[in-house]
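Asks: I need the structure of the sequence given here:
(chains A and B)
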Amino acid sequence: MPNRIIKWIDHRFPLTSFVKHELTGYPTPRNLSYLWNFGFLAGFVLMLQVATGIFLAMHYKADIALSFDSIQHIMRNVNYGWLLRYMHSTGASAFFLVIYIHMARTLYYGSFRAPRELLWWTGQGLLLLLMATAFMGYLLPWGQMSFWGATVITNLFQATPFYGDQVVIWLRGDYTVGDATLSRFFALHYLFPFLIIGAVVIHLVALHSVKSSNPSGIDLAAKDNIPFHPYFTAKDFYGLGIFLIVFSVFVFFMPNSLIEPANNIPANPMQTPKHIVPEWYFLPFYAILRSVPNMVGGVVAMGLSVMLFAFMPFLDRSRTPGGGRYRPVYRIQFYLFLLVILVLGWVGYVPPTDLTIIIGQVATLLYFGSFFFVPFISKAEERWLMKRGLPAEVTALIESETLEIAKRKLNPRRRKGEVA
Amino acid sequence: MGEETLDDGNRRNFLIKLTSVVGGAGVAATCVPFVASMNPSSDVLAKAETEVDLSNIPPGGMHTVAWQGKPVFILHRTPEQIAASAASNGGLDPQPDGKRVKNPEWLVVVGVCTHMGCVPNKEGPGWECHCHGSQYDDSGRVIRGPAPKNLEVPPYHFVAENKLVIGKA
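Replies: Numbering: from 1, shown residues only, chains lettered A, B, ... in the order given. Sure thing, here's the model as predicted:
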């Protein structure tokens, strides 16, 4: 009977072939490490956030007179409300952690390089959507940090040429962050996850067209690919188990470690807290904003600091495969970049003093320098590696890849089929 | 209509362009109500004026009142504070003190840091913003960044010796 049902469906909808081609039989490089788990984990956290969020929305009130208390209502009166809320608030941090590791892996192994540029760019779009969603969700508890975080970030739009003031008032629907702002942030915070799901579908279509990269950086021939199921379903679920252990430690034993204490004070538009900090996942970008003495310059620098990742496919000029694995200089650069991000995060966290401002400015220069020097360093590194002698296979690979890249270039003559 | 007119490619291209333009204009016009709905509503616009009684503010004291949901600092300046403010032109955004007050005894400024919108705290002479470290003097002029501009002077007028209305000059 089930067979007959599936047959009936397959006649009308490509169910079996879709599952076979894109899920169970999807060809996956056999040498993927656990660093390749994080895309799946991101998808899992997305589902978790959507599920907990929808159930929280059944009890939450988006009204400045009620929202702060409705969180307390969820925490005290709603059955398992505390669990839903802590899963959702911890889930936001988990989402960023997973995504940042996912991005770091891509940068380290050079997975953003041709032909995976569009995969990388759709990921960049997903990062922006995630940031916007997290930012709007943070206003909803209507605590002091919620209010002042939203005030500071909506104020960034003052940097808009000519219409700065109007744009800020339009975004808030009021002269200050108020009831209108809270209601629209709630509406959009509910909408954006579904945009994210749509963008994830595009991300996955791109992935399934170019297939996963792998730690060797060498595009494996078909013989080195194995079906996704059962090999990588098993690997992903094992990784999920580890992830859930860490996640549960935070949810059950230290849920407040990720919530700023000041956010337990209801929002007060007349009093800014002594020390306002964003959530940990925005700290490096916030530090860059603060490091530029000019306001418009700071906003532009902060925007660039997020968007520069998109330029990596153009900036990395090396053809040596495998990213950091076979490229010692790139590897050092990568770890220095992580260090700079950590320093920026610390600078963003502490109250501004003359010393931290200087450290922040140096770190900001290093952050942008890391991107700016990639073209020169990667080219020089490639020359150095070649002079030192690469294994013959790798040299052959570089040559074939050069040919491939030339073939992929947008060439109008090739498109017309004049050149085979 | 003859067959020549039906075949006329120019005519067809023109019609396609015209239809696209009219259709585009329709879409743009349809967006207007959606975008405009996000602007402040009438009840928000209605709270545009605030009346303040100054008789309880001692010299050297400051009151904070809400105007359009924003804090407004009203500083009753002492003769020393007036002299100190008049002596300089501020720092990053120079402006004489006389241009920022209607009556030198009363400084009225919007208590929103021109950098990122935090509320500066009254500390020592002037204000300090704890968010990003900007400093303002007793005339509300910025003397240390990152704030680019002086604290905004809202439109206000005195209705009596001890009463002023914020919101209209």
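Asks: what's the weakest-modelled helix or strand in the chain?
Replies: No chain was given, so I picked chain A. Least confident helix or strand of chain A, by mean pLDDT, DSSP states H and E, is helix A:412-415 with a mean of 52.
Asks: setting aside sequence neighbours, what's the nearest residue to A:Tyr281?
Replies: A:Phe96 (3.7 Å; Cβ to Cβ, 6 or more residues apart in numbering or on different chains). Yep, even glycine has a C-beta here, placed from its N, CA and C like the rest.
Asks: in the helix or strand harbouring that neighbour, what's buried?
Replies: Using DSSP states H and E, A:Phe96 maps to helix A:81-108. For helix A:81-108, the neighbour count (16 or more other Cβ atoms under 10 Å in any protein chain shown) marks A:81, A:84-99, A:102-108 as buried.
Asks: what's the first helix or strand after that helix?
Replies: Helix A:81-108 is succeeded, C-terminally, by helix A:117-139 (DSSP H and E).
Asks: which positions in that next one come out as buried?
Replies: For helix A:117-139, burial by neighbour count (16+ other Cβ under 10 Å) applies to A:117-124, A:126-127, A:129-139.
Asks: next, the buried residues of the helix ranked longest in chain A.
Replies: Taking DSSP state H as the criterion, chain A has its longest helix at helix A:179-210. Neighbour-count burial for helix A:179-210, counted by 16+ other Cβ under 10 Å, picks out A:179-182, A:184-186, A:189-190, A:192-193, A:196, A:199-200, A:203, A:206-207.
Asks: stretch A:309-323 too?
Replies: Under 16+ other Cβ under 10 Å, the buried positions of stretch A:309-323 are A:Phe309, A:Ala310, A:Met312, A:Pro313, A:Leu315, A:Asp316, A:Ser318, A:Arg319, A:Thr320, A:Pro321, A:Gly322, A:Gly323.
Asks: just the CA trace of that stretch, in CSV.
Replies: Extracted in CSV, the C-alpha atoms of stretch A:309-323 (Å, rounded to 0.1, in the frame of the first residue of the first chain):
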residue,chain,number,x,y,z
PHE,A,309,33.3,39.5,3.4
ALA,A,310,31.3,39.6,0.1
PHE,A,311,34.5,40.8,-1.7
MET,A,312,36.6,37.9,-0.6
PRO,A,313,36.2,36.0,-3.9
PHE,A,314,37.8,39.0,-5.7
LEU,A,315,40.4,39.8,-3.0
ASP,A,316,41.9,36.3,-2.8
ARG,A,317,44.1,36.1,-5.8
SER,A,318,45.8,32.8,-4.9
ARG,A,319,45.1,29.7,-7.0
THR,A,320,46.6,27.4,-4.4
PRO,A,321,43.9,24.9,-3.4
GLY,A,322,42.7,24.3,0.1
GLY,A,323,42.8,27.7,1.7
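Asks: mean confidence score for the helix holding A:Phe96?
Replies: Mean pLDDT, computed over helix A:81-108, is 96.
Asks: likewise for stretch A:338-349?
Replies: For stretch A:338-349, the mean pLDDT works out to 96.
Asks: which parts of that stretch are buried?
Replies: By neighbour count on 16+ other Cβ under 10 Å, the buried set for stretch A:338-349 is A:Val340, A:Ile341, A:Val343, A:Leu344, A:Gly345, A:Trp346, A:Val347, A:Gly348, A:Tyr349.
Asks: now do it: distance to the chain's middle.
Replies: Taking Cα atoms, centre = their mean, to the nearest Å, one finds stretch A:338-349 lying 17 Å from the centre of the chain it belongs to.
Asks: residues making contact with it?
Replies: Here stretch A:338-349 makes contact (Cβ atoms under 8 Å, 6 or more residues apart in numbering or on different chains) with A:104, A:277-278, A:280, A:282-288, A:290-291, A:356, A:359-360, A:363-364, A:366-367, A:370.
Asks: helix, strand or coil for the most centrally placed residue in chain B?
Replies: When Cα atoms, centre = their mean is applied to chain B, the residue found nearest the centroid is B:Glu152 (6.6 Å). Of the three states, B:Glu152 takes coil according to DSSP: H, G, I helix; E, B strand; the rest coil.
Asks: shouldn't it be in contact with B:Val110?
Replies: Yes - the criterion here is Cβ atoms under 8 Å, and B:Glu152 meets it with B:Val110 at 4.3 Å.
Asks: count of neighbours near A:Thr52?
Replies: Other residues lying near A:Thr52 total 19 when counted by other Cβ atoms under 10 Å in any protein chain shown.
Asks: re earlier: okay, the buried residues of stretch A:309-323 in TSV with pLDDT next?
Replies: Shown next, in TSV, are those (pLDDT from 0 to 100):
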residue	pLDDT
A:Phe309	95
A:Ala310	95
A:Met312	94
A:Pro313	92
A:Leu315	93
A:Asp316	91
A:Ser318	85
A:Arg319	80
A:Thr320	80
A:Pro321	76
A:Gly322	75
A:Gly323	82
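Asks: from those residues, which ones fall inside helices?
Replies: Per DSSP H, the subset of those in helices is A:Met312, A:Pro313, A:Leu315.
Asks: now do the nearest residue to the last one once chain neighbours are set aside against chain B, distance only.
Replies: Spatially, and ignoring its direct neighbours in sequence, A:Leu315 is nearest to A:Val374 (4.2 Å; Cβ to Cβ, 6+ apart). Taken as Cβ to the nearest Cβ, to the nearest Å, the spacing of A:Val374 relative to chain B amounts to 29 Å.
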